[in-house]
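Next input, structure requested:
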Amino acid sequence: MNKGSRRCLLRTKCCLLVIVLCIAILSALPGTASANSAEPPSLVILVNNPPDDLAIVMVSNDNKPEASVRRVAWEGYYVFYSRDMQADGKYRFKVATKGESFECTIDTPLQHYNNVFTLDLAQEKLTPGKYPFRQAILVSIRLLLTLIIEGVVFWLFGFRQRRSWLVFLAINLVTQGALNLWLNNGGSLLPSYLLIALIIGEFFVFVAELIAFPYFIKEHKKSRILIYVIAANLLSLIAGGYIISVLPV
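Residues are numbered from 1 along each chain as shown. Model (predicted):
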């Protein structure tokens, strides 16, 4: 192995190490972020395409609190906070829409925060977790939008070589893929909490890309590459905040 090959291999190992470390740090952050932010919801009931008049009331609580509602695109989030969770281990809900109602029950132990259940209106059933393929679909949508946005910036900065574009795709698939998976597994479904996680996550993506892009791309001077990384990540942060506000996470 010649000197140039050894140097390239060393750079590759260094970049991979940095990316792995950033991902490891990201995975450790959600608990800290949640602890330092406003109180997250205790329970979120996720409903696909909910009717406008849908109401969910916790009838097992003597005060019968009604869920606060937040809609994002095709999903509705029906939220209860810790002050609502006064039932002793069994939660009973009345679901009402279009002049009809039914009751459903959660009789499994819940965590203190960020419990998610999916309500199937047709089956009149609550299921723990989110609906099948939700994470794969939403991560793919956000990842594709991010690649398009950053790809346009990459092209505007004059990158044309095939190798440069392969490096661009590889680095972004790792960093943005990890960021989006982390957002999906970070706890709350509500945009206000996810925005905090996005800002923290984008910082580590920014650091990883500041190191990785100059190592692997040789088409232009390092200064141009670094300016590209700064511009692309700022735009990605702005776009990511907007995407979180209009699309489910």
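
how much space between the residue most central in space within the chain and residue 244?
Nearest to the mean C-alpha position of the chain, by Cα atoms, centre = their mean, lies residue 183 at 2.4 Å. Distance, residue 183 to residue 244, by Cβ to Cβ, to the nearest Å: 8 Å. Just so you know, the C-beta spots here come from the backbone N, C-alpha and C atoms, and that holds for glycine as well.

Helices of the chain, start to end?
3-27, 30-36, 134-156, 162-184, 191-216, 222-246 (DSSP state H).

which stretches of this structure have low pLDDT?
1-39, 86-89, 186-192, 249 (pLDDT under 70).

Break it into its domains for me.
3-36+133-246, 43-128 (automatic domain parsing).

Now do the shortest one: distance to the chain's middle.
Between the mean C-alpha location of domain 43-128 and the chain-wide mean there is a distance of 22 Å, by Cα atoms, centre = their mean, to the nearest Å.

circling back: make a markdown table out of the helices of the chain and add distance to residue 65.
Listed next are those as a markdown table, based on distance: least, Cβ to Cβ, whole Å:
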| stretch | distance to residue 65 |
| --- | --- |
| helix 3-27 | 34 |
| helix 30-36 | 22 |
| helix 134-156 | 27 |
| helix 162-184 | 28 |
| helix 191-216 | 20 |
| helix 222-246 | 26 |
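
ok, and which of those has the densest surroundings?
Among those, judged by mean count of other Cβ atoms under 10 Å, the one packed with the most neighbours on average is helix 191-216 (a mean of 20).

so the residue lying closest to residue 125 once chain neighbours are set aside bridges to which residues?
In space, and not counting its chain neighbours, residue 125 is closest to residue 104: 6.4 Å by Cβ to Cβ, 6 or more residues apart in numbering. Legend: beta-bridge partners of residue 104 under DSSP bridges are residue 93.

wait, residue 104 sits on residue 95?
Yes: between residue 104 and residue 95 there is a contact under Cβ atoms under 8 Å: 6.5 Å.

Can you check which residues contact both of these two?
Applying Cβ atoms under 8 Å, 6 or more residues apart in numbering, one finds that residue 104 and residue 95 are jointly contacted by 119, 124.

ok, so what distance separates residue 130 from residue 154?
From residue 130 over to residue 154 the distance is 33 Å, taken as Cβ to Cβ.

got it, and residue 90?
54 Å.

With just CA atoms, put stretch 220-227 into CSV.
Only the C-alpha atoms of stretch 220-227 are listed here, as CSV (Å, rounded to 0.1, in the frame of the first residue of the first chain):
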residue,chain,number,x,y,z
HIS,A,220,-12.6,22.5,-5.0
LYS,A,221,-10.6,24.3,-2.3
LYS,A,222,-11.3,23.4,1.3
SER,A,223,-12.6,26.9,1.9
ARG,A,224,-15.4,26.5,-0.7
ILE,A,225,-16.3,23.1,0.7
LEU,A,226,-16.6,24.5,4.3
ILE,A,227,-18.7,27.4,3.1
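
Sounds good, over and out.
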